[in-house]
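J.: Sequence plus predicted model, see below.
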Amino acid sequence: MNGSMPETLPGISHETRSQWLLQRVAILRRNPNFGAAANEYALGAVGVFEGRYMANKVMANVARQVICMSVLALHFTRTNGNHGATISSIQNITSALGLCSKNTTAATIDLLENIGLVTRVPDESDHRNHLIQPTNKLIYGIRRIIGITFNAAGKLFPLRQYQQLIDGPDDFMERYFASSLHSLLNVSSMLSELHSSQLFAISDGGGVLLCKLMSLKKLDAPENENFVCFPYDEIGNLYGVSRTHIRRLMKRAEVEGLVRLLEDGGRKIEILPTLNDVFENMVAAHIARAQFDIHLANQDFDLLPVDLYA
């Protein structure tokens with residue numbers, strides 16, 4: 001990784017947390033209800049993002065997602081001795097994870113400000129700087145996106161009442177956002193270790209397009225009959241990306257052995273089992289991170305990993 005990794009939790013190293021998250025992904029995927037949970041996730045993402053061009057633009061790839069979550073995490077940890085979200089602190093995170101350059105991070109923050117998702121306020125401790133604060137618009141949008149993961153987790157663990165957490169008092173979500181800084185630091189390593197292809201994660205709108213593709217599958221179809229109609233022009237209009245972008249994405253997916261393109265323009269695509277693995281890993285990774293952050297927000301330390309010799 002490039003740059004210096006931000007400080008981690010006492011007693012839980014980056015390596016320990018990463019190992020716990022990867023093990024959790026494997027456990028989640030063995031849950032007999034995981035197929036239904038993954039389908040719930042795909043349908044939820046389709047519902048949140050379909051027809052919302054600006055939401056897609058902001059959350060277009062993993063780097064922009066990390067920047068949005070970093071703003072929230074750093075903002076809500078400021079009362080715990082942290083300074084708050086500054087451009088340099090967000091750049092430290094994206095650089096350490098190797099997600100994008102400092103210039104790209106700064107440009108993304110400008111975009112977020114231009115569309116009303118963040119605002120800059122003077123830094124009282126250093127008047128030469130400004131703090132990047134999330135607006136209610138960003139907080140509401142991210143809560144909806146996190147809600148997709150909570151709903152999927154609820155399919156696996158209905159007794160834990162995850163939906164009540166996200167619909168409950170704002171102070172829980174503030175603690176959750178603050179806690180998310182720690183699991184956020186494992187995003188890059190999880191992508192490289194979990195996904196047989198990073199193609200959809202790093203492509204603009206790739207994660208949402210993958211959810212749309214998987215939502216079109218018939219749940220009861222045999223593995224050798226997973227054919228869907230995914231017309232590039234119609235899908236592009238729904239998610240604010242070009243037909244050319246989707247065509248290139250699917251051609252690369254075919255080269256990587258994830259799909260077979262049987263008719264031009266996406267009119268008939270065969271989803272191969274390898275793509276199902278990519279998708280299920282993505283869903284399980286989101287649920288594992290959410291569970292880690294929930295445990296941390298609620299101070300359920302008995303459910304978290306620890307370094308025995310810390």
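T.: Thanks, I have it.
J.: Show me what the top helix by length along the chain packs onto, helices and strands only.
T.: Across the chain, the longest stretch assigned as helix under DSSP state H is helix 273-297. Judged by 3 or more CB pairs under 8 Å, 6 or more residues apart in numbering; DSSP states H and E, helix 273-297 is in contact with helix 14-29, helix 34-49, helix 136-156, helix 162-167, helix 170-184, helix 187-194, helix 199-202, helix 206-215. No exception for glycine: its C-beta is placed from N, CA and C like everyone else's.
J.: among the ones you listed, which gets the worst mean confidence?
T.: Lowest mean pLDDT of the helices and strands packed on helix 273-297: helix 187-194, a mean of 79.
J.: residues of that one that come out buried?
T.: For helix 187-194, the neighbour count (16 or more other CB atoms under 10 Å) marks 187, 188, 189, 190, 191, 194 as buried.
J.: Could you tell me how far it lies from the centre of the chain?
T.: Centroid separation for helix 187-194 versus its chain: 12 Å, with CA atoms, centre = their mean, to the nearest Å.
J.: try stretch 252-272
T.: 24 Å.
J.: do the same with stretch 23-39
T.: The answer for stretch 23-39 is 17 Å, by CA atoms, centre = their mean.
J.: Can you show me the CA trace of it as PDB?
T.: Only the C-alpha atoms of stretch 23-39 are listed here, as PDB (Å, rounded to 0.1, in the frame of the first residue of the first chain):
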ATOM      1  CA  GLN A  23     -13.400 -15.500   7.700                       C
ATOM      2  CA  ARG A  24     -16.700 -13.800   8.200                       C
ATOM      3  CA  VAL A  25     -17.300 -13.700   4.400                       C
ATOM      4  CA  ALA A  26     -16.800 -17.500   4.200                       C
ATOM      5  CA  ILE A  27     -19.200 -18.100   7.100                       C
ATOM      6  CA  LEU A  28     -21.900 -15.800   5.600                       C
ATOM      7  CA  ARG A  29     -21.700 -17.600   2.200                       C
ATOM      8  CA  ARG A  30     -22.300 -20.900   3.900                       C
ATOM      9  CA  ASN A  31     -25.500 -19.700   5.500                       C
ATOM     10  CA  PRO A  32     -28.400 -21.600   3.900                       C
ATOM     11  CA  ASN A  33     -30.300 -18.300   3.400                       C
ATOM     12  CA  PHE A  34     -27.400 -16.600   1.700                       C
ATOM     13  CA  GLY A  35     -28.900 -16.900  -1.800                       C
ATOM     14  CA  ALA A  36     -32.100 -15.100  -0.700                       C
ATOM     15  CA  ALA A  37     -30.000 -12.500   1.100                       C
ATOM     16  CA  ALA A  38     -27.900 -11.800  -2.000                       C
ATOM     17  CA  ASN A  39     -31.000 -11.500  -4.100                       C
END
